[in-house]
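Colleague: Sequence first, predicted model second:
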Amino acid sequence: MKITVIGTGYVGLVTGTCLADSGQDVTCLDIDEGKIERLNAGEIPIYEPGLTELVTRNHAAKRLTFTTDYAASIPSARCVFIAVGTPQGDDGSANLSGLWAVVETIAPLLAENAIVVIKSTVPVGTNRKTAARLAELTGRNVDVASNPEFLKEGAAIDDFTKPDRIVVGVDRPEVAEVLKNIHKPFLRNEHPFLAMGWESAEMTKYVANCMLATKISFINEMANLCEHVGADVNEVRRGIGHDARIGFKFLFPGVGYGGSCFPKDVRALIRVADDNDMTCRMLAAVDEVNDVQKHVLGEKLYRYFDGDLSGKTIAVWGLAFKPRTDDIREAPALVLIDRLLSEGASVRVHDPVAMKNVKAVLGDKVAFCEHHYDAAEGADAVAICTEWNEYRMPDWEFLRHKMKNCAIFDGRNLFDPAAMRDLGIWYTGIGLAGDDMATPTT
Ligand SMILES: NC(=O)c1ccc[n+]([C@@H]2O[C@H](COP(=O)([O-])OP(=O)(O)OC[C@H]3O[C@@H](n4cnc5c(N)ncnc54)[C@H](O)[C@@H]3O)[C@@H](O)[C@H]2O)c1
Ligand SMILES: O=c1ccn([C@@H]2O[C@H](COP(=O)(O)OP(=O)(O)O[C@H]3O[C@H](CO)[C@@H](O)[C@H](O)[C@H]3O)[C@@H](O)[C@H]2O)c(=O)[nH]1
């Protein structure tokens, strides 16, 4: 079966590559000519563990091709997956201009039996509107399916090939059957293939992300409270997690959630509620708590230096919104760096893979360092924003020697506060007992 995937970003490239790896004939299409040129030259535009090997192998086997040419790749496709970005618009709602541009372009090119599959995260009602628009443009009924994607960056290939579940939204069971067949190679773990209506599938994606974002904002707020009452959030986390109804997952406190999904999807669902004359109070709180949390390290640094950061040198370890990705969209590190620069501090940064992306945004406003120890050279403090593995076991003696003042502001709770005290290192984390840098609760 011929498949075309439109939008060759984190989701489209992983989707196309994994489908090709299961033996399908896949074309990945993008409007970004530079991106397609690089892919055709064997260069992978994003960092995603395992992806390079998979793309290279399937490209060489000619099961995976890359193009910018709609006319050459749409007419022969039985399934056209749309995986273009749906970023946050000015009013918080999802910006669907990319999706609508694709719909207009593909309409005259679609095969009679083509199925248009929307993989991008789109507000409730979008699949129905797409079907209506395609009917207008083509003069016939075109099959449309929602197929929300649940992969996580950094673990995208595993998530795609061994999904917890596959959700499709359809208006005819025959369409679900075609999609089930395409996904058969990924359903061998007996995890369910769930067919439902368009609106339920669209809503499932938002509700899943909002639930996860809610867990994170909840534990972050509890962590901040722990600091004030002499409790340790790590102990509390263990204390609650053994209750199977609560569990351990997605309850790690930190500097707030970032990335291209949680922030925008929480806000988009708030807008969907608004549009339906409803107020999502909980989601508004989740969003607000997260905004506050992104300022926690900056606030602690400000108070540690008695309200004067000018002339101080701060090392920031970790720029990506989470480890194992080069994605810096809504990354908490950028919020911290912004604050430090506006207070007159010098900033030295390190990230194993995301520095190129940050350089494109910040230019020479910060010093980019090849090694995280280099970033700490002469620094008055180190702030940790991303829990990369290589940050977990520093040589403290070496660091103490390198830094002007060995103070560690740990936004991901990588270290044991008691051990740090024993080493004589000034240390603050998130939600730890006896922390004299307790986060203000207002
Ligand atoms: N990134 C994730 O982890 C993730 C996971 C699940 C779902 N999603 C959702 O999937 C969608 C895509 O996200 P992403 O992170 O892959 O985005 P991305 O920004 O990495 O990639 C989007 C791609 O679409 C291309 N594009 C835009 N308009 C186009 C057009 N008219 N024709 C062809 N190509 C076009 C862009 O050039 C870009 O390469 C979003 O709706 C997102 O919410 C993302
Ligand atoms: O206990 C936790 C877990 C995560 N995070 C933060 O939450 C953000 C998102 O992390 P994660 O969910 O691992 O990454 P994403 O790649 O953004 O994946 C989310 O967003 C995708 C896009 O919609 C969905 O497909 C995935 O299922 C969903 O997990 C990151 O900033 C993490 O640091 C925490 O602070 N504490």
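Modeller: Cool, got the structure. Ligands and ions are numbered 1, 2, ... in the order given.

Colleague: okay, Pro440: pLDDT?
Modeller: Listed pLDDT for Pro440 reads 55.

Colleague: so how many other residues sit close to Asp91?
Modeller: 9 (other C-beta atoms under 10 Å). Any C-beta I mention is one placed from the backbone N, CA and C, and that applies to glycine too.

Colleague: how about it, what does it touch?
Modeller: Counting by C-beta atoms under 8 Å, 6 or more residues apart in numbering, Asp91 makes contact with Arg271.

Colleague: same deal with the one 4 residues further on?
Modeller: When contacts are counted by C-beta under 8 Å, 6+ apart, Asn95 is found next to Thr86, Pro87, Gln88, Gly89.

Colleague: got the residues of the stretch 1-150 of the chain near ligand 2?
Modeller: Thr121, Glu149, Phe150 (C-beta under 6 Å from any ligand atom).

Colleague: ok, and of the residues you listed, which contact ligand 1?
Modeller: Thr121, Glu149.

Colleague: Just the buried subset of the residues of the stretch 1-150 of the chain next to ligand 2, please.
Modeller: With burial judged by 16 or more other C-beta atoms under 10 Å, the buried subset of those is Thr121, Glu149, Phe150.

Colleague: and the residue of this structure nearest ligand 2?
Modeller: Cys261 (2.9 Å; C-beta to the nearest ligand atom).

Colleague: you'd agree that residue is up against Leu212?
Modeller: No - checked against C-beta atoms under 8 Å, the pair Cys261 and Leu212 is beyond contact range at 9.2 Å.

Colleague: neighbour-wise, which of the two wins?
Modeller: Shown here are Cys261 and Leu212; by other C-beta under 10 Å, Cys261 has more neighbours (26 against 17).

Colleague: Next up, the contacts around the more buried one.
Modeller: Contacts of Cys261 by C-beta under 8 Å, 6+ apart are Thr121, Asn209.

Colleague: Tell me where the protein has strands.
Modeller: In the chain, strands defined by DSSP state E lie at 2-6, 25-29, 64-67, 79-82, 115-118, 143-146, 166-169, 193-196, 313-317, 346-350, 367-368, 381-384, 407-410, 426-428, listed in chain order.

Colleague: For ligand 1, what is the nearest residue in this structure?
Modeller: Using C-beta to the nearest ligand atom, the closest approach of the chain to ligand 1 is made by Gly9 at 1.8 Å.

Colleague: neighbours of that residue, just the number please.
Modeller: Gly9, neighbours per other C-beta under 10 Å, totals 19.

Colleague: Same check on Phe250?
Modeller: 14.

Colleague: The one 10 residues further on now?
Modeller: Residues contacting Ser260 under the criterion other C-beta under 10 Å number 22.

Colleague: Could you report the pLDDT at it?
Modeller: 93.

Colleague: From what I see, it and Tyr10 are in contact.
Modeller: Yes - counting by C-beta under 8 Å, Ser260 does reach Tyr10; the two are 7.5 Å apart.

Colleague: which residues are in contact with both of the two?
Modeller: Contacts common to Ser260 and Tyr10, judged by C-beta under 8 Å, 6+ apart, are Asp327.
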